[in-house]
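1. need a structure here:
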Amino acid sequence: MDVLPEPSSSSETTSCSNGAKRTSSHAPPSVTPQHKRANGAAPRTSHSAPTPSKVVAGLDFDGMAARQGLAKLPSTCPVCMETFQAPVTIPCGHSTCGSCMELQVAMVKPPSCPVPGCRRPFQLEAIQPDLALARALSSPTKSQPTSTRTSRDASSVPHTTSTPHPSATANGLDTTPTAPGLTQLLEQALGATHQPALDTQLDYSGLNSLISSLVKHRDALQNNSQVLDLQLCEDFLRRAHDERQHQVARLQREMTLLAQDTSTVQTRITQLRESREETEARVPSTSPPTSATARNTPVMVDTTMPARQQDLVDLQEQPPSTQMSKHELLVRRKARIYKHFGDLERAYFEAHTTYGRDVSAALSKFQSDLTRFTKYCGFEVLSQLKYGNLFNTSSIISSIEFDRDETLFATAGVSKKIRVYEYRSVVGGGIDDAAMHMPMITMACRTKISCLSWNHYFRDHIASADYEGVVQLWNASTGDKITAFEEHEKRTWSVDTSATDPTTLASGSDDNKVKIWSTRARNHSVATISAKANVCCVKFDPSDSRYLAFGSADHHVHYYDRRKLSKELATFKGHSKAVSYVRFLSSNELVSASTDSTLKLWNLQTNACTRTFAGHRNDKNFVGLTNNGDYLACGSEDNAVYVYYKTLEKPIVMHTCNTVTEGVSPEQKNFVSSVAWRKESDVILAANSLGVIHLLRLK
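-> Numbering: from 1, shown residues only. Predicted structure coming up:
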């Protein structure tokens, strides 16, 4: 224990076996008791009328003192009944071992005297070392008891036994001590109410009363615990009930909407059928009757043409409605609806949420989405173009873009060359003549090219970004370089030309900067945006060149107004990896692609992600992103092209870009590296890592 303050006087009352009362004190009752104790004076005793012997919890301390002839200082601790060790004293006058007092302070809160029959509370500051008792015990003339001190664990309750004195047994007193920690634990459990009962000897009736109190206390604790458990259960049940009530109310609203829209659609169907019958009654049919023989007549095929080319001619010359019956077409479209039923159901109720009480507008919006969704069911391959050597990794095409009039398209990549092709000549050659396609013009660069961008006003101008950080402007008709911008310090990933301001370009680089260029100021950039990470893509708003967005390796899309570049308009957070592409669908919507294998649709008014598209695979490569109205197309690392519709989260069509050239190992992992959509048509160009360009048409 720590060093405690000086000791204070104390006294203790004992009784002899003959009933005479005897008082022994740690210091004589005088003005300076401690001084006399220090001089070794024996404690004075005082005799009074006999009083009954005091027995506490089976311990007769008065009798024990008389039996041992303790007319002098006690040598044993009244708690552990062994020789004092580092004795301390407290205001009530009792002295105990220092370890016994430590155990009492640790177990009983607030602390009280550990001597049975006392239990007076005290403050921790009142504990004093009993120096006089310690000196008396250390004196060689002090008689020491023959009992040996047993080891004690401070964490356990002291437990000792002793042999009763013959005189005490003769008087019928049981002096076998009990564990003093038991009463302390009971007092802590029951509180001060039962303390008087514990201060007296526990006989049979008292023990029963104590057990009864403990049982009641246990039952009360169990009752409180059960009430708490039931309250938790009640809270859960109420919460679940409220949730189900909300679900029931929502389902009732949805059922009402479905019933109203079903009735509206049935009415429209009836009106259209009546209108068709009236038209047919007024105008006689000029189409020849269709007989069973005519239906079973085989289609004549030109055997002089390759089978695949004959199929393409049939698809191009015949409208889709003549290739299958109305019933077959309906069954096919129904199958696609059932496959994407969950997405369509969500889109239906989203339309009603958007339009609110305008039920008719919501139904029209959903009907339009449903028609566009079921419009396509697959791809047909129009042609394949071999860009380079299939066994050379330098054939990877990083960018493919249509020009302003969509009569030309340009390709570039790690081959360090920009090639320009005429679209009609490539499509007219078919698949088998793909090896014969030659570019209209080739422009050689000094390093690998990462991105291309056609000018929307000057038809022959095309911009490129390369691995050395140089942005160059080319004349695609002559193959000459017009100008070069060389401020970027690292590889440039993206370049874009403004659709509304043909003299303005933007580029993004690994140097964490977006630079705005003007063809009127060819020696330097006109503005710079500093990003926190590598800039992977940059794009102008096609309807207003004052706004631009760029994707970064910090997983975010950043949206800026060129007039206030010091602060971005919005930061779109949601991707878990680098953002590789951004595209504006409209003045209010933006779509982004990331290497987390998702596309995300953002609302520029609310800055919220309204849709996440998933189904393709994109973990580390640039795979391309393009759009045509509400349709989105992207490449994938499983060497396929995926098409999404804006209101549905899953792809509606996909096509694997297998090459017609033999000799490629099937274990070779190829991927679609870039895609481009020919606007106002159903044609998509897809280039893969083998350097093969696929001309695909949705059907």
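
2. And residue 622, how close does it get to residue 580?
-> To residue 580, residue 622 is 5 Å away according to C-beta to C-beta, to the nearest Å. Backbone N, C-alpha and C define where each C-beta goes, glycine included.

3. Need the residues touching each of those two.
-> Between them, residue 622 and residue 580 share no contacting residue under C-beta atoms under 8 Å, 6 or more residues apart in numbering.

4. Okay, now the unreliable bits of the stretch 551-699 of the chain?
-> Scanning the stretch 551-699 of the chain with the threshold set as pLDDT under 70 gives 659-668.

5. got it, and the stretch 1-150 of the chain?
-> In the stretch 1-150 of the chain, residues with pLDDT under 70: 1-73, 139-150.

6. Not counting residues beside it along the chain, what's closest to the residue sitting nearest the centre point of the chain?
-> For the chain, the residue nearest the mean C-alpha position is residue 576 (10.9 Å; C-alpha atoms, centre = their mean). Leaving aside its sequence neighbours, residue 576 sits nearest to residue 596 (C-beta to C-beta, 6 or more residues apart in numbering; 4.5 Å).

7. ok, that neighbour - how many residues close by?
-> When neighbours are defined as other C-beta atoms under 10 Å, residue 596 has 19 of them.

8. Also residue 628?
-> Residues lying near residue 628 (other C-beta under 10 Å) number 17.

9. Tell me how far it lies from residue 96.
-> Using C-beta to C-beta, residue 628 is found at 93 Å from residue 96.

10. and what of residue 606?
-> With C-beta to C-beta as the criterion, residue 606 and residue 96 are 75 Å apart.

11. Who has more neighbours out of these two?
-> Neighbour tally, residue 606 and residue 96, criterion other C-beta under 10 Å: the higher count belongs to residue 96, 26 against 10.

12. Now that one, what are its backbone angles?
-> Dihedral pair for residue 96: phi -140, psi 170, per degrees, to the nearest 10.

13. That one is in contact with residue 77, isn't it?
-> Yes - judged on C-beta atoms under 8 Å, residue 96 makes contact with residue 77 at a distance of 5.3 Å.

14. Residue 252 - how many residues pack around it?
-> Neighbour tally, residue 252, other C-beta under 10 Å: 10.

15. Regarding it, what is its secondary structure?
-> Here residue 252 is recorded as helix under DSSP: H, G, I helix; E, B strand; the rest coil.

16. Identify the residues contacting the residue nearest to the centre of the chain.
-> Taking C-beta under 8 Å, 6+ apart as the test, what residue 576 contacts is 555, 594, 596.

17. now do 10 Å
-> Residues near residue 576 by C-beta atoms under 10 Å, 6 or more residues apart in numbering: 555, 594-598.

18. what separates it from residue 533, distance-wise?
-> 14 Å.

19. hang on, the earlier thing: need the max-distance pair from the contacts of residue 576.
-> Farthest-apart pair in the contacts of residue 576 is 555 and 597; separation 13.3 Å (C-beta to C-beta).

20. between those two, what contacts are shared?
-> 576-577.

21. what's the neighbour count on the nearest residue to residue 134 once chain neighbours are set aside?
-> Residue nearest to residue 134 in three dimensions, not counting chain neighbours: residue 87, with 5.7 Å by C-beta to C-beta, 6+ apart. Neighbour count of residue 87, defined by other C-beta under 10 Å: 25.

22. surely residue 87 meets residue 80?
-> No - contact criterion C-beta atoms under 10 Å: residue 87 and residue 80 do not qualify, at 11.6 Å.

23. quick one: residue 463 is in a helix?
-> No - looking at residue 463 with three-state DSSP, it is strand, so not inside a helix.

24. I'd like the numbering to begin with 116 instead of 1 from here.
-> Done: numbering now begins at 116, and the last item shifts to residue 578.

25. How about the contacts made by it?
-> By C-beta under 10 Å, 6+ apart, the neighbours of residue 578 are 566-570, 586-589, 597-598, 600, 610-612, 620-622, 632, 634.

26. Bridged to it, which residues?
-> Note on residue 578: beta-bridge partners by DSSP bridges are residue 568, residue 588.

27. now it: how far from residue 234?
-> Distance from residue 578 to residue 234, by C-beta to C-beta: 94 Å.

28. and if you look at residue 527?
-> Taking C-beta to C-beta, one finds residue 527 at 95 Å from residue 234.

29. what about the strands in the stretch 616-765 of the chain?
-> Per DSSP state E, counting those that start in this stretch, the stretch 616-765 of the chain carries strands over the ranges 619-624, 628-633, 642-645, 650-656, 659-667, 671-676, 685-688, 694-699, 704-709, 713-718, 723-729, 740-743, 746-750, 755-760.

30. rewinding a little: if you count what's nearby, which of residue 527 and residue 234 comes out ahead?
-> Each of residue 527 and residue 234 has its neighbours counted (other C-beta under 10 Å); residue 527 has more, 28 against 18.

31. which residues does residue 744 contact?
-> Contacts of residue 744 (C-beta under 10 Å, 6+ apart): 487, 700-701, 760-761, 792, 794-795.

32. what does residue 721 give?
-> Taking C-beta under 10 Å, 6+ apart as the criterion, residue 721 is in contact with 685, 703.

33. what's the answer for residue 598, then?
-> 578, 586-589, 632, 634, 637-638.

34. got it, and residue 679?
-> Residues near residue 679 by C-beta under 10 Å, 6+ apart: residue 661.

35. Please report how far it lies from residue 642.
-> Using C-beta to C-beta, we find residue 679 at a distance of 11 Å from residue 642.

36. Please apply the same query to residue 445.
-> 56 Å.

37. now residue 248
-> Relative to residue 642, residue 248 is positioned 91 Å away (C-beta to C-beta).

38. Show me which of the two is the more surrounded one.
-> Between residue 248 and residue 642, counted using other C-beta under 10 Å, the more crowded position is residue 248 (21 against 14).

39. And for the nearest residue to residue 585 once chain neighbours are set aside, the neighbour number?
-> In space, and not counting its chain neighbours, residue 585 is closest to residue 601: 5.2 Å by C-beta to C-beta, 6+ apart. Counted with other C-beta under 10 Å, the neighbours of residue 601 add up to 12.

40. so who does residue 601 touch?
-> 583-587, 638-639.

41. Pull out the buried members of those.
-> 584-587 (16 or more other C-beta atoms under 10 Å).

42. quick one: which of those is nearest residue 376?
-> Nearest member of those to residue 376, counting by C-beta to C-beta, is residue 586, at 52.7 Å.
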